[in-house]
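A.B. asks: Quick one: sequence and predicted model below, then my questions.
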Amino acid sequence: MTDAVTLKDDVIEGVPARHWRRLEDGRIQCDVCPRECKLHEGQRGLCFVRARAGDELVLTTYGRSSGYCIDPIEKKPLNHFLPGTPVLSFGTAGCNLTCKFCQNWDISKSREMDRLMDHAPPGAIAEAAERTGCRSVAYTYNDPVIFLEYATDVADACRARGIKNVAVSAAYVKEAAREDFFSRMDAANIDLKGFTEDFYHKLCSGRLQPVLETIEWLVKETDCWTELTTLLIPGENDSEEELERLCQWVAEQCGPDVPIHFTAFHPDYRMKDKTNTPPETLMRAHRIAKAAGLHYPYTGNIHHEATGSTYCPGCAAPVIGRDWYEITRWSLGQGGHCTACGSAVAGVFEDKPGAWGRKRRPIRLADFADQWERTHPA
């Protein structure tokens, strides 16, 4: 059985990729993710964007994007990383999982390369972020580990300008590639899709264990600020037993200071037969997380200020109030300490929050790319 894809009259072009090896039978194996797609000439991996051209692996989406937008950082969601600041978000196409409930399926499942309208070299993205006042760049919409070469070049260009890097990822990645990718990231939101191997196998055609290993590694072995998100799908991953085990694992293996976001599902892609997640399910998950000792559980995709806000783990006073993505209260002192009792609140904070609010502003990268290329001739 192979995840390789062959298309008739497919012309494969791209930049040289990393993390692959030649096999004795003549195939090339991609070692970015646990799928380990084994490719003959002219074949693509399941992600569709990593492909064999001649005797090497190439990335076919380098420098091409499905669009750029300035978002509030809370939309990633990241509640403990530079709250209130704007982040320049972009993605490409393709994905190395096949989630039937994908909320960005038109991008992540796309095999239409012509939908990638914007072209920008890495330096142009960094310049765009700087000129628009963004504090960070987010690699999102589809999983950035599959466009690792492009993402890491952008990340290096951003760091040279003092701009932070944010990954929104399902963390389905092998050890060497994850070190290569996440070593450039300052923060990550990891999509922990469920807490059973059966869920990952049936609904994502993946495995749970590699995801758990990457989450533990991020929290324990790196300086990348990490938050988790679980989309709760009625009847699939929302049972009390599964949520208790998930929260207990986070508490024991990652610690109580890792924020977790429970978000509401809406019918989409290949799961339109499901109903929307009831708010009561999110509230139950929030209570289970608190009972497990987690300090920072949140609900998402619903309007509920109480469970969208941050509370001091020492005295339970509200320290960051949120109305959707708008910051309504700030009771953190220098170094992220509660102004009521002085307890430390985990995260990456400045003395004052940003004031971006809930705005979402699409931008055209071609404008920045043209200017950047004029000032940086090849």
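C.D. replies: Now that the structure is in, tell me what you want to look at.

A.B. asks: surely Ile320 meets Gly308?
C.D. replies: No. Contact between Ile320 and Gly308 fails when scored by CB atoms under 8 Å: they sit 9.5 Å apart. (C-beta placed from N, C-alpha, C; glycine too.)

A.B. asks: the domain parsing of this structure - what is it?
C.D. replies: 15-59, 65-301+350-361 (automatic domain parsing).

A.B. asks: Mean pLDDT lowest where, among the ones you listed?
C.D. replies: Across the domains of the chain, domain 65-301+350-361 has the smallest mean pLDDT, namely a mean of 93.

A.B. asks: first vs last residue of that domain, how far apart are they?
C.D. replies: With CA to CA, to the nearest Å as the measure, domain 65-301+350-361 spans 16 Å from end to end.

A.B. asks: Mean neighbour count and distance to Gly314 added to the domains of the chain, as TSV?
C.D. replies: Below are the domains of the chain laid out as TSV (neighbours: other CB atoms under 10 Å; distance: least, CB to CB, whole Å):
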stretch	mean neighbour count	distance to Gly314
domain 15-59	19	40
domain 65-301+350-361	20	10
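
A.B. asks: Quick one: the ones you listed as JSON lines, columns for distance to Thr6 too.
C.D. replies: Shown next, in JSON lines, are those (distance: least, CB to CB, whole Å):
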{"stretch": "domain 15-59", "distance to Thr6": "5"}
{"stretch": "domain 65-301+350-361", "distance to Thr6": "12"}
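
A.B. asks: and of the ones you listed, who's closest to Ala340?
C.D. replies: domain 65-301+350-361 (15.4 Å; CB to CB).

A.B. asks: now the closest one, how far from the chain's geometric center?
C.D. replies: 3 Å (CA atoms, centre = their mean, to the nearest Å).

A.B. asks: Could you do stretch 24-33 as well?
C.D. replies: 26 Å.

A.B. asks: Quick one: end-to-end length of that stretch, please.
C.D. replies: 20 Å.

A.B. asks: Over to stretch 303-320?
C.D. replies: End-to-end for stretch 303-320, by CA to CA: 16 Å.

A.B. asks: What residues of it count as buried?
C.D. replies: 304, 307-313, 318-320 (16 or more other CB atoms under 10 Å).

A.B. asks: ok so, going back, which of the domains of the chain sits closest to His376?
C.D. replies: Per CB to CB, nearest to His376 of the domains of the chain: domain 65-301+350-361, 6.1 Å.

A.B. asks: hang on, isn't Val15 packed against Arg64?
C.D. replies: No. Using CB under 8 Å, Val15 is not in contact with Arg64; the gap is 10.8 Å.

A.B. asks: The nearest residue to Phe182 once chain neighbours are set aside and Val258, how far apart?
C.D. replies: Distances taken as CB to CB, 6 or more residues apart in numbering place Cys224 nearest to Phe182, at 5.5 Å, with adjacent residues excluded. Noted for Cys224: a distance of 12 Å to Val258, by CB to CB, to the nearest Å.

A.B. asks: cool, and Ser66?
C.D. replies: Taken as CB to CB, the span from Ser66 to Val258 is 30 Å.

A.B. asks: list the contacts for Cys312?
C.D. replies: When contacts are counted by CB atoms under 8 Å, 6 or more residues apart in numbering, Cys312 touches 318-319, 338, 340-341, 343, 345.

A.B. asks: and these as TSV, adding secondary structure and pLDDT?
C.D. replies: What follows is these, written out as TSV (DSSP: H, G, I helix; E, B strand; the rest coil; pLDDT from 0 to 100):
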residue	secondary structure	pLDDT
Pro318	strand	98
Val319	strand	98
Cys338	strand	98
Ala340	coil	98
Cys341	coil	98
Ser343	coil	98
Val345	coil	98
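
A.B. asks: circling back: separation between the residue nearest to Phe182 and Leu203?
C.D. replies: 27 Å.

A.B. asks: for Val173, same thing?
C.D. replies: From Val173 to Leu203 the distance is 19 Å (CB to CB).

A.B. asks: Check Glu244 too.
C.D. replies: 20 Å.

A.B. asks: mean confidence for stretch 307-314?
C.D. replies: The model assigns stretch 307-314 a mean pLDDT of 98.

A.B. asks: Please compute how far it lies from its chain's middle.
C.D. replies: Distance, centroid of stretch 307-314 to centroid of chain: 23 Å (CA atoms, centre = their mean).

A.B. asks: how far does it stretch from start to finish?
C.D. replies: With CA to CA as the measure, stretch 307-314 spans 17 Å from end to end.

A.B. asks: thinking again about what came up before, so what's the residue nearest to Phe182 up against?
C.D. replies: 167, 182, 185-188, 218.

A.B. asks: May I ask which two of these are separated the most?
C.D. replies: Asp186 and Leu218 (11.8 Å).
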